[in-house]
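**Student:** What follows is a predicted protein model with its sequence.
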Amino acid sequence: MTHAPRLLTSLLALGLAGPGTAGSLEKAELLMRSGPTSSYQVPAGSSWSSSTPTLNDHREVALHIQAVAPAFRAGIWSGSPEGGAVVALADDDASLYSDASINTAGDIVWRRAESAQNGVMLYEAATGDFGFLTNAPLGSTSWGSVQINDNGRVAYRAGFGSGNAWVSYAGGSADIHVADSSADGTSDYEWLFTPSLNGQGLIAGKVAYQSLSTNQVVIADASGNVSVLLEDNNLDPKSPFSNFNNGIDFNDQDQVAVIASLAEGGAALIVADESGWTEYARQDEGELGEFEYFAPQLNNDGVVAFRAFDSSGERGIWRADGESLTLVARHGELVSTDLGPARLESPDSVGGPNFGGAPAINDNGDIAFVSLLTDPEDSSASYGRGVFLVPGQVELPDLIHHDRFEP
């Protein structure tokens with residue numbers, strides 16, 4: 001395997017937006033905000049946390065809400081800068097919904113659990129209807145990381161008790177792309193991690209090859225053919241990687257984005273395909289601090305959105321394209337909301353991270369993220385939790401100001 005030369009972080013740092021004066025994300029658009037007594041584009045009192053948004057090229061976002069008021073049942077919300085609403089609501093109090101996935105048509109899929117009929121659910125944008133889609137293949141008892149592509153093919157990790165398989169489903173038929181040894185005694189894979197589906201119906205992800213301490217990143221088709229993109233130095237002594245984070249993302253150009261642990265120490269954001277790999281960013285170099293443990297998100301132009309700390313220890317949402325590295329949003333910055341200015345911050349009573357889940361990116365370069373919010377002058381006063389969209393058409397050096405306003 002050949003690899004592109006490692007990018008110099010000093011060059012990457014040149015792409016960072018310079019300091020400004022306002023300390024605010026002036027162009028970030030609020031799509032939805034939930035709070036205990038007031039809300040925007042969702043019923044007041046609805047509750048959700050750590051949901052990862054998904055975003056299509058029409059700037060439509062979908063995500064799951066744990067409790068939609070006033071029934072306080074699980075639901076799926078979808079919205080854009082033009083408006084938003086709960087498009088699916090569980091029919092009982094016990095049902096649990098997972099993170100959702102939306103395609104260009106606006107169709108949404110997710111997993112339903114703890115119900116009378118567990119499995120994959122589908123919302124059809126053309127009709128506005130939603131319902132049960134499948135619990136295939138036969139014998140599966142769980143369905144994780146459910147995704148839908150623009151052709152309507154759905155993929156997920158199916159569980160069979162102790163074993164797992166990467167599965168795709170379309171037209172009433174399920175295909176097993178690859179299974180682990182607990183599900184298939186002839187398999188070389190000890191474990192399958194979170195899968196990612198692309199537009200060609202291929203599935204990529206991290207696998208534990210023969211043992212839990214030997215790992216690869218692979219692509220598998222519906223016939224079970226597997227291509228290895230990356231492997232650790234336990235399998236290849238020449239590999240610069242000692243491991244890979246469990247979550248990856250996969251685009252229609254057959255490129256994979258993953259956070260890799262380096263054999264020499266530290267970690268790097270890697271984009272790979274069958275021709276080689278390129279390092280997009282390295283931990284603790286330039287303005288970038290440590291990566292957070294959320295899967296990077298990759299669009300079809302090879303642009304990545306991801307979560308990481310900056311060099312001062314503040315959490316942030318970042319964008320990387322292999323030549324530049326940009327801090328899109330940072331903890332403590334100001335955004336506009338329906339209540340006026342708010343801060344991307346956890347209330348004092350909550351603590352912990354303000355951002356929830358991974359960010360999302362589409363082929364326009366738009367980035368969606370979620371964050372807890374506080375009063376800009378009183379960190380004890382919660383403004384709830386919001387979903388924001390940063391337009392990709394805006395030049396980020398003009399969009400983001402890194403000066404932090406301290407009340």
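**Tutor:** Perfect, thanks for sending it.

**Student:** Looking at the residue nearest in space to the middle of the chain now. What's its pLDDT?
**Tutor:** Nearest residue to the geometric centre of the chain (Cα atoms, centre = their mean): Ala358, 4.0 Å. Listed pLDDT for Ala358 reads 96.

**Student:** for Thr9, same thing?
**Tutor:** pLDDT at Thr9 comes out at 28.

**Student:** Determine the longest strand present in the chain.
**Tutor:** Looking across the chain with DSSP state E, the single longest strand is strand 378-390.

**Student:** what are the pairing partners of it, and which direction each?
**Tutor:** Strand 378-390 has these partner strands in its sheet, going by DSSP bridges: strand 29-34 (antiparallel), strand 367-375 (antiparallel).

**Student:** Could you say which of these is packed most deeply?
**Tutor:** Of all the strands paired with strand 378-390, strand 367-375 has the most neighbours on average by mean count of other Cβ atoms under 10 Å, namely a mean of 25. To be clear about C-beta, it is placed using only N, CA and C from the backbone, and glycine gets the same treatment.

**Student:** residues in contact with the nearest residue to Ala342 once chain neighbours are set aside?
**Tutor:** With sequence-adjacent residues excluded and distances taken as Cβ to Cβ, 6 or more residues apart in numbering, Ala342 is closest to Leu373, at 4.2 Å. Applying Cβ atoms under 8 Å, 6 or more residues apart in numbering, we find Leu373 in contact with 33, 335, 337, 342-345, 382-386.

**Student:** Try it again at 7 Å.
**Tutor:** 337, 342-344, 383-386 (Cβ atoms under 7 Å, 6 or more residues apart in numbering).

**Student:** swap in Ile270?
**Tutor:** 258, 260, 277, 279.

**Student:** what's in contact with the longest strand of the chain?
**Tutor:** 25, 27-35, 39, 48, 53, 59, 61, 63, 81, 328-329, 335, 337, 339, 342, 345, 347-349, 366-375, 399.

**Student:** hmm, back to that, and the furthest pair within the contacts of Ile270?
**Tutor:** The distance between the two most remote of those (Cβ to Cβ) is 11.3 Å, for Val258 and Glu279.

**Student:** ok so, going back, give me the pLDDT for the residue nearest to Ala342.
**Tutor:** Confidence score, pLDDT, at Leu373: 97.

**Student:** And it, how far from Gly313?
**Tutor:** 21 Å (Cβ to Cβ, to the nearest Å).

**Student:** What strand or helix carries Ala88?
**Tutor:** In the assignment (DSSP states H and E), Ala88 maps to strand 83-89.

**Student:** now the angle from that strand to strand 378-390?
**Tutor:** 90 degrees (axes from the mean of the first three to the mean of the last three Cα atoms, to 10 degrees).

**Student:** Which elements pack onto strand 83-89?
**Tutor:** strand 73-80 (3 or more Cβ pairs under 7 Å, 6 or more residues apart in numbering; DSSP states H and E).

**Student:** what lines up beside the strand it packs on in the sheet?
**Tutor:** Counting by DSSP bridges, strand 73-80 is paired with strand 61-68 (antiparallel), strand 83-89 (antiparallel).

**Student:** Dump the ones you listed to a markdown table, plus mean pLDDT.
**Tutor:** Shown next, in a markdown table, are these (pLDDT from 0 to 100):
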| stretch | mean pLDDT |
| --- | --- |
| strand 61-68 | 96 |
| strand 83-89 | 96 |
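
**Student:** so can I have TSV of those showing mean neighbour count?
**Tutor:** What follows is the strands paired with strand 73-80, written out as TSV (neighbours: other Cβ atoms under 10 Å):
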stretch	mean neighbour count
strand 61-68	24
strand 83-89	17
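
**Student:** what's the closest of the ones you listed to Ser223?
**Tutor:** Smallest distance to Ser223 across those (Cβ to Cβ): 30.4 Å, for strand 61-68.

**Student:** Restrict the closest one to CA atoms and write it as PDB.
**Tutor:** Only the C-alpha atoms of strand 61-68 are listed here, as PDB (Å, rounded to 0.1, in the frame of the first residue of the first chain):
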ATOM      1  CA  VAL A  61     -31.400  17.500   9.600                       C
ATOM      2  CA  ALA A  62     -32.900  14.500  11.400                       C
ATOM      3  CA  LEU A  63     -32.200  13.400  14.900                       C
ATOM      4  CA  HIS A  64     -34.000  11.400  17.600                       C
ATOM      5  CA  ILE A  65     -35.600  12.800  20.700                       C
ATOM      6  CA  GLN A  66     -35.900  10.700  23.800                       C
ATOM      7  CA  ALA A  67     -39.100  12.200  25.100                       C
ATOM      8  CA  VAL A  68     -41.400  14.400  23.000                       C
END
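
**Student:** any idea where the helices of the stretch 151-300 of the chain begin and end?
**Tutor:** With DSSP state H, counting those that start in this stretch as the criterion, the stretch 151-300 of the chain has no helices.

**Student:** pretty sure Pro36 contacts Gly45?
**Tutor:** Yes - with contact defined as Cβ atoms under 7 Å, Pro36 reaches Gly45; the gap is 6.1 Å.

**Student:** okay, these two: which has more neighbours?
**Tutor:** Gly45 (16 against 12; other Cβ atoms under 10 Å).

**Student:** pLDDT wise, what is the closest residue to that one other than its chain neighbours at?
**Tutor:** Of all residues beyond its chain neighbours, the one nearest Gly45 is Ala69 (3.5 Å), with distances taken as Cβ to Cβ, 6+ apart. The score at Ala69 is 94. That number is its pLDDT.

**Student:** show me what contacts Ala69?
**Tutor:** Ala69 neighbours (Cβ under 7 Å, 6+ apart): 43-46.

**Student:** among those residues, who's most crowded?
**Tutor:** That'd be Ser46 among these, by other Cβ under 10 Å, with 23 neighbours.

**Student:** quick revisit: so which of the contacts of Ala69 is the closest to Asp236?
**Tutor:** Nearest member of those to Asp236, counting by Cβ to Cβ, is Ser46, at 48.5 Å.

**Student:** The closest one and Thr278: what is the separation?
**Tutor:** Distance from Ser46 to Thr278, by Cβ to Cβ: 41 Å.

**Student:** cool, and Ala85?
**Tutor:** Using Cβ to Cβ, Ala85 is found at 40 Å from Thr278.
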